[in-house]
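Engineer: When you get a sec, could you give me coordinates for this:
(chains A and B)
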Amino acid sequence: MIGGRGPKVQELITFDDENNILSQVLTGHSYMGAKIDETYRVYQNQSIWENTQESGKRMVKPDQFYIAADGTPYTLELIVKAIDRTKNKKLELYRLAPQVTK
Amino acid sequence: MLTTEVTKAQEKRNVKLLALNGLGFGPSFLWVDENHQLFALAYSWMGLTPEGWGNSLKKLQALQDKAEFEFNKQLATKNSIALNGVTVINNVDIFTAKDNQLIKNTSIAIENGKILAIGKKVKSIKADKVIDGKGRTLMPGLWDMHAHIQMGDGLLNIANGVTSVRDLANDHAQLMQTIEVFNSGEVIGPSIYRGGFIDQKSPFSAPTGKLAETLEEALKYVDWYAERGYQQIKIYSSITPEWVKPIAERVHQHGMRLSGHIPSYMTAEKAVKDGFDEIQHINMVFLNFLAGPKDDTRTPVRFKLVAEEAGSLDLNSKAVNDFIELLKKRKTVVDPTVTIFHSMFLNKAGELDPGYAMIADHLPANVARGFLAAEMEITADNEQRYADSANALLMMIKKLYDAGVPLVAGTDAIVGFTLHRELELYAKAGIPNYDVLKIATINSARIAGQKDVGTIEEGMIADLILLDGNPLEDISHIRSVAMTIKGNNLYRSDQLFESIGIKPFVRF
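Structural biologist: Residues are numbered from 1 along each chain as shown, chains lettered A, B, ... in the order given. Purely as a prediction, here's the structure:
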């Protein structure tokens, strides 16, 4: 049984020499207990991710960014730094279009 | 660029405010240092800084509030359409919230924010502005009876047809500031009614409002809120059960109402007998039967227990019927916020939250993606049990309605959209659409103590919304807001939605 306020999350991130994210691993649970188990890795110019909600991979392109599904507030710093490296100060977010069901 | 200096003892740092666009509805603010490292997040309910720098939050929040105000002011200037003189809307069907059906194909005239005339009388009135209602449905603006409003929420409320909001816990100074700029029209937003929040200091206290360490202090806070014109007091889970009676007496002496969570280690029945006028959240009704004397409902036990056991509670048992009879006799209001629990018990990771699936593709990518996340761990083992419990919540709401227990609809979640879902779930529970609409209009207004708003009648405040469709036939048409009239302004929902990154649902 869980108790207390707030989620419990551990986030481990590794970067290359230019501060690009090489890997991001999150584990823990949400406030109400849903499992958090997320990995994002860059390997041979491909990014591969898996979390409890979705998984996917795509070619790494500049001006694109994967936001962790169960990320911590530190995500905002990662976004700011990524934006700062772009020419137009804009990022395209990785997105799986949600399946609309009725 | 907004920068400022913050200090910790002898140490000084320069930080700047950044706004990220596209993550949510409107900008997301954060403070960074010279190296673009996250320095602070400043919200009224919580903040984040490096260790030892917490004292700087107040200053940062004040600066951020100002930036937010400027942003919202610009949106208001761009998107408010002033109504001068008499405005006539022709070719509309009207749901007055007094009757159970529509007045078909009629007209309405408004002036100075009030309803001037309805029907044939309108013809003889000289109009300064005429709007074609296109055969759509005009009804009173909606009430959200459970919100924690921020300045940036105003526009999304109005876009979704919510013209009145009851706030049930907030920072007093911030709330008063928000009310001031909504009322002046400087920022787009609804009318606000206020519930003052009191909890007892504990490791589980909610981080807002007033926290009391003694009963005496709690009573002083009741007086404090009364002096500032609050209409009700909301108490929370950490309050000592023995405090409820004296708090209720003090609240009632001031002519206010008492509502809240049922304090931990207390039954709802006892709370009602000790003076509760209203119960927040339908799970609190279930906990009356499910929580044992050792269950600490200050913790997520208050959700988990209901998820596990609500479905197997006999809703036709004497205990349940007696409790509902008590609520009816005392005219105790229930504020179910059932959308939250329904989604919590049903939403599995990777599947779109059923409460928001129908709107997900209109919303910013990051918001829509959030609907894929689960709150509880739902497995093959508990899935059916939790689904039965979600259903039991709706059955309880129908039982309360049938018994004549007054209900109010609130969000406590996403502005506007959660209210629409809440009303859909009441209809799904079996409440006739006309009464679902009355819950969110006239009934809420009367419970909030307002007699001059909530219906469409001559002389009433012209808080009006125009819907593409007929919500008496399909409650989901409540989502199709084409325009909202509030005060002396008209707002086009399509324009408002587009201004904060939402794909409109209907064109004006």
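Engineer: what residue ranges in the stretch 101-250 of chain B score low on pLDDT?
Structural biologist: Within the stretch 101-250 of chain B, not a single segment meets pLDDT under 70.
Engineer: so what's the backbone phi/psi at the residue of it found nearest chain A?
Structural biologist: Nearest to chain A, among the residues of the stretch 101-250 of chain B, is residue B:204, at 6.6 Å (C-beta to the nearest C-beta). Backbone N, C-alpha and C define where each C-beta goes, glycine included. Backbone torsions of residue B:204, given as degrees, to the nearest 10, read phi -110, psi 10.
Engineer: Number of residues surrounding it?
Structural biologist: Each residue near residue B:204 was counted by other C-beta atoms under 10 Å in any protein chain shown, and the total is 18.
Engineer: likewise residue B:234?
Structural biologist: Residues within reach of residue B:234, counting by other C-beta under 10 Å, total 27.
Engineer: can you give me the offset of the host helix or strand of residue B:339 from its chain's centre?
Structural biologist: Using DSSP states H and E, residue B:339 sits in helix B:338-346. Put simply, helix B:338-346 sits 16 Å off its chain's centre (C-alpha atoms, centre = their mean, to the nearest Å).
Engineer: how about the residues of chain B that lie near chain A?
Structural biologist: B:18, B:20, B:22-23, B:28, B:30, B:32, B:36-38, B:41, B:48, B:203-204, B:296, B:299-301, B:303-304, B:344, B:349-350, B:352, B:357-358, B:360-361, B:365-366, B:368-369, B:371-378 (C-beta under 8 Å from any C-beta of the partner chain).
Engineer: Recalculate using a threshold of 7 Å.
Structural biologist: Contact residues, chain B versus chain A (C-beta under 7 Å from any C-beta of the partner chain): B:18, B:20, B:30, B:32, B:36-38, B:41, B:48, B:204, B:299-300, B:303, B:344, B:349-350, B:352, B:357-358, B:360-361, B:365-366, B:368-369, B:371-377.
Engineer: Counting only helices, which of those residues make the cut?
Structural biologist: Using DSSP state H, the subset of the residues of chain B next to chain A located in helices is B:303, B:344, B:365, B:366, B:368, B:369.
Engineer: Name the nearest of these relative to residue B:65.
Structural biologist: Closest approach between these and residue B:65, by C-beta to C-beta: residue B:366, at 23.3 Å.
Engineer: Excluding chain neighbours, what is closest to the closest one?
Structural biologist: Using C-beta to C-beta, 6 or more residues apart in numbering or on different chains and skipping residues adjacent in sequence, the residue nearest residue B:366 is residue B:23, 4.8 Å away.
Engineer: Can you give me the pLDDT of residue B:20?
Structural biologist: Here the pLDDT value assigned to residue B:20 is 93.
Engineer: The one 4 residues further on too?
Structural biologist: What the model reports for residue B:24 is a pLDDT of 92.
Engineer: Now a PyMOL select for only the buried ones of the residues of chain B next to chain A.
Structural biologist: To isolate the buried members of the residues of chain B next to chain A in PyMOL, using 16 or more other C-beta atoms under 10 Å in any protein chain shown:
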select buried, chain B and resi 18+20+30+32+38+41+48+204+299+300+303+344+349+352+357+358+360+365+366+368+369+371+372+373+374+375+376+377
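Engineer: So for chain A, the centremost residue is which one?
Structural biologist: A centroid search over chain A (C-alpha atoms, centre = their mean) returns residue A:68, at 2.1 Å, as the residue closest to the centre.
Engineer: quick check: domain ranges of chain B?
Structural biologist: Domain assignment of chain B by automatic domain parsing yields the ranges B:3-73, B:139-462.
Engineer: among these, which is the most enclosed?
Structural biologist: When those are scored by mean count of other C-beta atoms under 10 Å in any protein chain shown, the highest mean neighbour count falls to domain B:139-462 (a mean of 20).
Engineer: Hmm, residue A:66 and residue A:94 touching each other?
Structural biologist: Yes - with contact defined as C-beta atoms under 7 Å, residue A:94 counts as touching residue A:66 (4.5 Å).
Engineer: Between those two, which is the more surrounded one?
Structural biologist: Neighbour tally, residue A:94 and residue A:66, criterion other C-beta under 10 Å: the higher count belongs to residue A:66, 21 against 17.
Engineer: The more buried one and residue A:38 touch, don't they?
Structural biologist: No - Residue A:66 is beyond contact range of residue A:38, at 10.3 Å (criterion: C-beta under 7 Å).
Engineer: Give me the contact list for stretch B:43-58.
Structural biologist: If you take C-beta atoms under 7 Å, 6 or more residues apart in numbering or on different chains as the criterion, stretch B:43-58 is touched by A:73, B:6, B:8, B:39, B:40, B:41, B:42, B:170, B:171, B:174, B:207, B:208.
Engineer: from the residues you listed, which two are the most distant?
Structural biologist: Longest span within the contacts of stretch B:43-58, C-beta to C-beta: B:8 and B:170, 28.6 Å.
Engineer: Give me the phi and psi for residue B:22.
Structural biologist: Recorded main-chain torsions at residue B:22 are phi 100, psi -10, according to degrees, to the nearest 10.
Engineer: List the strands paired with the lowest-mean-pLDDT helix or strand in chain A, with their directions.
Structural biologist: Least confident helix or strand, chain A: strand A:92-93 with a mean of 84, by mean pLDDT, DSSP states H and E. Sheet neighbours of strand A:92-93, with direction, are listed as strand A:64-65 (parallel) (DSSP bridges).
Engineer: That concludes my questions; thank you for your assistance.
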